[in-house]
Every structure is written in C-alpha cells, then in structure tokens.
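Chemist: have a look; sequence and predicted model below, questions after that.
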Amino acid sequence: MDVLEPHRAALTGHCYRMLGSATEADDAVQETMLRAWRAHDRFDGRSAVGTWLYRIATNVCLDQLRSRARRELPVAAGPEGTVDDELISRPRVHWLEPVPDARAVPSAAGPEHAAELRQSLRLAFVAALQHLPPRQRAALLLKDVLGFSTAEIAETLETSAASINSALQRARRVLATSSLAETRAAPAALTRTQAELVDRYVDAFHRYDVDALVALLREDGTLSMPPYTLWLRGRPAVARWLRGRGIGCKGSRLVPTDACGSIAFGQYRSAPEGHRAWSLIVLDLGADHIRSLIHFLDVETLFPLFGLPLELPAA
C-alpha cells in the first residue's frame, strides 16, 4: 500500500468532485486502495499507476452513486426564504460537504497545477457537477480536470469514443451557466482587492458590525446554513437575520482555514468557558464583493476533518 499512498490526495480530490462529500470521498479512496492492492498483479504497466488508480476510483464512485440521491446546497434545494421561516433540517446525506484543500490537492503539485485543482474544488462547480448523470460527470472530470484522452475515458467507462464525445457535449451544455462560468473564471489566487475584502470581513465579524458585514455582500448575495433548508438572498434579509435570529454569533471568534479552493473559517461562538465550535464558514468571493456565505453547521464531523478543535479556551 505504501507505493499507492502518494496518490491519496489526488484521488481524494477526484472522488470528492464525483461524490460531493469529503467523508464519502475518504471511504471511496480507501476502497480504491484495497481494490488496487488486490489487483496489483494484474496491472500490466501499459498506463501510469496514477491513471490506473483513477480508473479504479471512478468506478468505485459510480458504484456508490447507484445507491443514493445527489447532494446539493440549500440554494438549489428550494426557493429563497424569509427570516421568519421555520428552520427545517435535512439529514447530512442530502448536503454537499466541504473538503480541506490539503486533503484533495497533492502537496507535490506545482503552483499552477495546484491552483487549477483548487478551482475544480469550488463549491459552485462541485454543486453543478451533481446535476449531471454520474457517467457524464465522470467523463467530464476525466477529460477536463485530469486530461484523459477520449480513448482512455472510453476504456474506463467501457463504452465507445463516440458515446464519450456525446456525453461530454451534453455535460458541457448543462454546466454552461453564467453563475458557474463566473466561478470558474475566478482568479486562482486572491487579488489585492479580495484579500482586503477578507480582512474587512474578519474585522466586521469580530466587531459584529452588521452594517459593515452586509456592505461586503453583493446586492443579491446569499446566506445559507446547511443542514437547514432555509437560505436568504440580499443585504436587507441577511442584515435582519444577523440582528435577529443570528444574534448569538455576536462575540464569535474566527480561525482561518481553506475549503474547496476558497477562503474559509472555523467559527466559534462565545461560551462561559471560552468558545465552542459553531460553523465552518465558506466564502464565495467575487471580484470586489462576497457572493455567498455558507455556514456548515455539522461541526462534529467537519472540524476534526479540518484539524480544528471543537473548543477554544478563554483568552
């Protein structure tokens, strides 16, 4: 298994794009490693080890996807809500999960390649992928992210080159939306304006200056909080939430991290003995405003995954 270990992060990234779940991606990679180890005597060396492993991982993911519904974000699960709406929770298997960059981008990748891989982890892109039939999803990722040839994809999916070309055309039509195009065209590294935007967000959040916070949002920016189905659109709605039902976030501390190729923070709400984990916040940044704020509330699962403690001691 040691010879396979250097491929773990790259395989995790691929399985995450296929499945939309960091925990399921980990399981899929483990199954890939086991299948590869059992079949190592049948590896004929005609392709690179990495290519062989991607083929196994793709089929592991396709097997998993046969038995479950697609994962999504609240903004795709129903119409926008209002601050007064009931909070309805859905099981975590319904929702996309963020993945730590370090688990899904190989440390040996060069700067340009690493940046491309991070872009392909963006939540908006992964969410859009979940709307593709699994085999179309696999074909698109193998071609556009991993650079497989049409013949290699056809061999992986046990079909014809013509069928793969047709699947790629259909998949690209589905993904050719303005919101997705904007996300994929985002710069790989933060611009100076975006870096300042993040600094202003952190400062405003720590001061809990609601006016300053919502001013950083795009006018039609969104706030969502999986596992709740409720999501809000626009500065007035977000401001009303922060001043009302979200007021418990006042006094929170933020710890920076990276998730899905984006800026993210572990949020800790004030507690008598210090601060307790409350949410993992992922920022979707536009050129000069925040497009969306997603607060993932399943901290018991996510914080250990990101190497974040569940409690911070009192300062």
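Modeler: Arrived safely.
Chemist: now the closest residue to H289 other than its chain neighbours: how far from A264?
Modeler: With sequence-adjacent residues excluded and distances taken as CB to CB, 6 or more residues apart in numbering, H289 is closest to R218, at 4.1 Å. In short, each C-beta sits where N, CA and C put it, glycine included. Using CB to CB, to the nearest Å, we find R218 at a distance of 18 Å from A264.
Chemist: go on, L310?
Modeler: 17 Å.
Chemist: that older thread, list the residues that contact the residue nearest to H289.
Modeler: Residues in contact with R218, defined by CB atoms under 8 Å, 6 or more residues apart in numbering, are 286, 289-291.
Chemist: where does the stretch 101-250 of the chain dip in pLDDT?
Modeler: 178-188 (pLDDT under 70).
Chemist: follow-up on the earlier one: quick check on the residue nearest to H289: phi, psi?
Modeler: Per-residue torsions, R218: phi -60, psi 150 (degrees, to the nearest 10).
Chemist: quick one on the thing from earlier: so which of the contacts of R218 sit within strands?
Modeler: 290-291 (DSSP state E).
Chemist: pick the one among the contacts of R218 closest to A10.
Modeler: R291 (28.1 Å; CB to CB).
Chemist: and the closest one, how many neighbours does it have?
Modeler: Residues lying near R291 (other CB atoms under 10 Å) number 19.
Chemist: could you do Y268 as well?
Modeler: 24.
Chemist: and it, what is it in contact with?
Modeler: Y268 makes contact with 252-255, 274-278, 311-312, according to CB under 8 Å, 6+ apart.
Chemist: buried subset of the residues you listed?
Modeler: Applying 16 or more other CB atoms under 10 Å to the contacts of Y268, the neighbour count classes 252-253, 255, 275-278, 312 as buried.
Chemist: make CSV out of these and add distance to T301 and secondary structure.
Modeler: Shown next, in CSV, are those (distance: CB to CB, whole Å; DSSP: H, G, I helix; E, B strand; the rest coil):
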residue, distance to T301, secondary structure
S252, 20, coil
R253, 20, strand
V255, 17, strand
H275, 19, strand
R276, 15, strand
A277, 11, strand
W278, 14, strand
L312, 19, strand
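Chemist: report the two of those separated the most.
Modeler: Across the buried ones among the contacts of Y268, the longest distance by CB to CB is 12.5 Å; it joins V255 and R276.
Chemist: which element, helix or strand, includes P236?
Modeler: Using DSSP states H and E, P236 sits within helix 235-243.
Chemist: now find how far off-centre that helix is within its chain.
Modeler: 25 Å (CA atoms, centre = their mean, to the nearest Å).
Chemist: what helices or strands is it leaning on?
Modeler: Other helices and strands packing on helix 235-243, by 3 or more CB pairs under 8 Å, 6 or more residues apart in numbering; DSSP states H and E, are helix 210-215, strand 217-224.
Chemist: contacts for that helix, please.
Modeler: 82-83, 208, 210-211, 213-215, 217, 219, 221, 223, 232, 249, 293.
Chemist: of those, which is the nearest to S120?
Modeler: When the contacts of helix 235-243 are compared against S120 (criterion: CB to CB), the nearest one is L293, at 21.8 Å.
Chemist: confirm that the closest one sits in a strand.
Modeler: Yes: under DSSP: H, G, I helix; E, B strand; the rest coil, L293 falls within a strand.
Chemist: where along the stretch 51-200 of the chain do the helices fall?
Modeler: Under the criterion DSSP state H, counting those that start in this stretch, the stretch 51-200 of the chain contains helices at 74-77, 101-104, 111-119, 123-129, 134-140, 150-157, 161-175, 178-184, 192-207.
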